[in-house]
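Chemist: model this:
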Amino acid sequence: MNSNPLISIIIPVYNGQSYLAEAIKSILDQTIKEFQIIIVDDGSDDNSADIIKSFSGPIEYHYLTNGGTAAARNFGVQNSKGSFLAFLDQDDLWTENKLEIQLSAFSKNSELDVVFGHVQQFYSPETDEIFRQNNKCPSHPMPGYLPSAMLVKKDAFLNTGFFESAWQIGEWANWYVRAREKHLKMMMLPEVVTLRRIHAANKGVIQRRSLNEYVHILKASLDRRRSEKSEIQYEHE
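Modeler: Just a heads-up that it's a prediction; the model follows:
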């Protein structure tokens, strides 16, 4: 394994045996190979570990007691060696040139902190017609403001802070809001970089049950902004 990988790729896994092999393969098939893969098993009790260990290559496997996606991602960041961070969910896939085109964007504009790309959603093959009728899947690519569609400079990520484990579903939304508050320089590429699987257990389906989290995240952001404005006004009085 390269001791100084350019990109550290972090996959949080919890009982991911159904799709994990495809996700890992989509990383190994990337057109650039300078990366470190950190797979953090968040207390799985299925065959995820065996699947991970069946792969060769620059893969580091870590097992943790179940603590949630945010804690698993944070552990990966803490063990990362790259100057860039990328995240892939266990049920998503990358297009083979995902990292290459995002790195190219950084090379053309050194002031960028974060580069996103578009996402194409697809139904997982095992889903039935009733599921598909109840969970619409857009046929066209959409801007991918998601961890799996992001490449971020490690320094910029740390400046924003780690994912907050208090959120069951909204750890990503919370991080993204804080990144905007930090005025990170972001770009959205027109190319599709991620294939997002729609199935019965993914967050896109179950997040409807946790909409209250998003309300609290937005309220916390507004409270921080009001506090900052009050401090500025106080300093100028």
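
Chemist: contact partners of the longest strand along the chain?
Modeler: Scanning the chain for the longest strand, with DSSP state E as the assignment, gives strand 186-198. Outside strand 186-198, the residues that touch it by Cβ atoms under 8 Å, 6 or more residues apart in numbering are 19, 26, 91-95, 97-98, 101-102, 105, 109, 112-124, 127, 135, 137, 141, 143-146, 148-149, 179, 204-205. (Each C-beta comes from the backbone N, C-alpha and C, glycine too.)

Chemist: among those, which ones are buried?
Modeler: Among the contacts of strand 186-198, the ones that count as buried by 16 or more other Cβ atoms under 10 Å are 19, 26, 91-95, 97-98, 101-102, 105, 112-121, 124, 127, 141, 144, 146, 148-149, 179.

Chemist: all strands of the protein, in order?
Modeler: Listed in chain order, the strands of the chain (DSSP E) span 7-13, 35-41, 59-63, 84-87, 93-94, 114-123, 142-143, 150-153, 186-198.

Chemist: who wins for proximity to F75 among those strands?
Modeler: strand 35-41 (5.2 Å; Cβ to Cβ).

Chemist: now do the buried residues in the closest one.
Modeler: Buried-residue list, strand 35-41, by 16+ other Cβ under 10 Å: F35, Q36, I37, I38, I39, V40, D41.

Chemist: closest to E60 among those residues?
Modeler: Comparing the buried residues of strand 35-41 against E60 with Cβ to Cβ places I38 closest, at 5.0 Å.
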